[in-house]
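sequence? don't have it. structure:
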């Protein structure tokens with residue numbers, strides 16, 4: 001359909017004829033490129049990617065295709081129904097159509113033409129679809145791939161881009177994002193969430209770094225930085241759904257600053273993370289949850305202040321022989337029992353169950369603060385130190401589930 005904003009004496013016949021002439025020429029060009037491109041098999045075009053620079057510091061498009069191929073094999077285990085041979089094949093051929101005349105003339109057909117040429121060469125339809133889908137989703141309104149092999153290749157493309165550019169310091173700054181890394185992160189998030197993939201992101205990022213042959217310490221630094229970057233994109237992605245950003249931070253930031261785990265592990269499973277967010281939301285909506293959050297902050301603030309003043313850490317186990325008041329004894333017993341319950345619930349990924357267990361801490365914690373003086377000088381300060389360690393145990397027990405210090409309000 002063509003639209004003209006002027007009236008003509010011949011009822012638009014001249015305009016129609018002119019547009020038809022242009023269209024015929026474009027279609028003739030397309031037919032020419034289609035016929036010429038099919039004379040060379042798509043797989044034979046992969047070598048030509050060595051002459052196409054991906055980015056000055058990142059080698060050629062051929063290098064990227066090989067990285068995607070290696071990464072695809074590592075991701076297959078986390079995408080039900082995906083096949084390693086098909087995924088590797090699609091990843092290797094994904095960029096091959098960049099050297100075709102059709103894509104040179106019509107660059108918006110990247111991937112699409114690769115699919116047609118692969119089918120012409122007799123490729124498996126699932127491989128061809130993986131080639132076509134590997135750029136997706138291109139934006140928030142684009143359809144997300146659902147075919148297993150397509151998911152693998154699309155993830156490989158985006159994870160490679162994220163790790164590659166972060167590894168050379170080319171990161172988004174403010175509104176500047178010349179390599180569309182925010183879009184790559186959002187695409188990764190959508191691929192995982194919409195397909196309900198139990199993909200450990202740290203593993204995937206480290207595999208992408210390995211494909212780049214980064215040093216181990218550099219790989220770890222890049223991967224942990226990217227975890228925080230993805231978490232920030234996740235907050236943006238979920239904001240429109242009404243999900244509180246601080247709850248996402250609490251569930252994710254259990255890993256601490258720049259992805260370094262406070263408890264020795266990373267929360268890099270986005271499906272599990274959102275399950276935690278759901279449980280946190282429900283828990284904090286109860287009186288027990290809201291009041292326990294207040295008690296958590298009180299305990300955490302006291303410990304933080306005293307550690308800074310004493311230039312010591314109070315994370316050691318408390319001495320049960322120094323528990324003098326009934327409220328201390330009851331709290332210590334509750335922490336032992338409930339802490340074990342929480343640990344077991346987390347193993348089962350029963351996050352609502354872990355929150356129900358935490359709710360039972362409210363009364364012993366309230367009674368401790370009502371009746372026990374923490375900063376006592378009795379017995380050369382031994383009671384004070386022991387009580388600070390007991391408060392630290394409160395924080396650590398709750399932080400098994402999420403970092404409650406991230407929660408606002």
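Right, received. Where do you want to start? These numbers come from a predicted model, not from an experiment.

Quick check: end-to-end length of stretch 230-247?
One end of stretch 230-247 sits 15 Å from the other (C-alpha to C-alpha, to the nearest Å).

now swap in stretch 308-327 and tell me
Using C-alpha to C-alpha, the gap from the first to the last residue of stretch 308-327 comes to 26 Å.

What residues of it count as buried?
Buried residues in stretch 308-327, counted by 16 or more other C-beta atoms under 10 Å: 314, 318, 323, 327. In this view, the C-beta of every residue, glycine as well, is placed from N, C-alpha and C.

from those, which two are the most distant?
Across the buried residues of stretch 308-327, the longest distance by C-beta to C-beta is 18.7 Å; it joins 314 and 327.

Which ones among the buried residues of stretch 308-327 map onto helices?
residue 327 (DSSP state H).

now the buried residues of stretch 308-327 in JSON lines, with distance to residue 357 and pLDDT?
Listed next are the buried residues of stretch 308-327 as JSON lines, based on distance: C-beta to C-beta, whole Å; pLDDT from 0 to 100:
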{"residue": "314", "distance to residue 357": "24", "pLDDT": "92"}
{"residue": "318", "distance to residue 357": "20", "pLDDT": "93"}
{"residue": "323", "distance to residue 357": "22", "pLDDT": "92"}
{"residue": "327", "distance to residue 357": "20", "pLDDT": "95"}
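
Quick check: the residue positioned nearest the centre of the chain vs residue 268, distance?
In the chain, the residue lying closest to the centroid (C-alpha atoms, centre = their mean) is residue 230, at 4.4 Å. Distance, residue 230 to residue 268, by C-beta to C-beta, to the nearest Å: 9 Å.

do residue 54 as well
27 Å.

what about those two, which has more around it?
residue 268 (23 against 19; other C-beta atoms under 10 Å).

Contacts only, for residue 275.
Contact analysis of residue 275 by C-beta atoms under 8 Å, 6 or more residues apart in numbering lists 349, 351.

what is the mean pLDDT for the host helix or strand of it?
Here residue 275, judged by DSSP states H and E, is contained in helix 270-284. When pLDDT is averaged over helix 270-284, the result is 92.

quick one: contacts of the next helix or strand after it?
Moving toward the C-terminus from helix 270-284, the next helix or strand (DSSP H and E) is helix 287-310. Helix 287-310 is contacted by residues 283-284, 313-314, 355, 358-359, 361-362, 365-366, 369, 374-375, 388, 391-392, 394-395, 398, 404-405, 407 when judged by C-beta under 8 Å, 6+ apart.

just for the stretch 1-150 of the chain, where's the confidence low?
1-5, 8, 11-12, 14-15, 17-20, 22, 25-26 (pLDDT under 70).

if we go to 80?
Confidence mapping of the stretch 1-150 of the chain against pLDDT under 80 gives the ranges 1-30.

Let's have the buried residues of stretch 308-327 in JSON lines, adding distance to residue 45.
As requested, the buried residues of stretch 308-327 are exported to JSON lines (distance: C-beta to C-beta, whole Å):
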{"residue": "314", "distance to residue 45": "64"}
{"residue": "318", "distance to residue 45": "67"}
{"residue": "323", "distance to residue 45": "74"}
{"residue": "327", "distance to residue 45": "75"}
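
For residue 315, see how far away the closest residue to residue 270 other than its chain neighbours is.
Spatially, and ignoring its direct neighbours in sequence, residue 270 is nearest to residue 192 (5.0 Å; C-beta to C-beta, 6 or more residues apart in numbering). Separation of residue 192 from residue 315 (C-beta to C-beta) stands at 34 Å.

With residue 360 instead?
23 Å.

Could you do residue 292 as well?
According to C-beta to C-beta, residue 292 and residue 315 sit 20 Å apart.

The helix or strand where residue 152 lies: what's the following helix or strand?
Following DSSP H and E, one finds residue 152 within helix 148-167. As assigned by DSSP H and E, the chain's next helix or strand after helix 148-167 is helix 181-194.

Does that next one pack against any helices or strands, and if so which?
helix 148-167, helix 216-239, helix 270-284 (3 or more C-beta pairs under 8 Å, 6 or more residues apart in numbering; DSSP states H and E).

and of those, who's closest to residue 247?
helix 270-284 (4.8 Å).

Tell me, how many residues neighbour residue 176?
Count around residue 176 with other C-beta under 10 Å applied: 7.

distance of it from residue 236?
Residue 176 is 16 Å from residue 236, by C-beta to C-beta.

ok so, going back, mutual contacts of residue 230 and residue 268, please.
Contacts common to residue 230 and residue 268, judged by C-beta under 8 Å, 6+ apart, are residue 201.

Would you mind listing the residues in contact with the closest residue in space to residue 370 that isn't next to it in sequence?
Once flanking residues are discounted, residue 370 sits nearest to residue 327: 7.6 Å by C-beta to C-beta, 6+ apart. Contacts for residue 327 were tallied using C-beta under 8 Å, 6+ apart; they are 364, 367-368, 370-372.

Then residue 82?
Contacts of residue 82 (C-beta under 8 Å, 6+ apart): 75-76, 148-149, 151-152.

Distance to residue 251 added to those residues, as TSV?
Compiled in TSV, the contacts of residue 82 are given as follows (distance: C-beta to C-beta, whole Å):
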residue	distance to residue 251
75	23
76	27
148	27
149	31
151	24
152	26
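
Closest one of those residues to residue 65?
Scanning the contacts of residue 82 for proximity to residue 65, where the rule is C-beta to C-beta, the winner is residue 152, at 14.3 Å.
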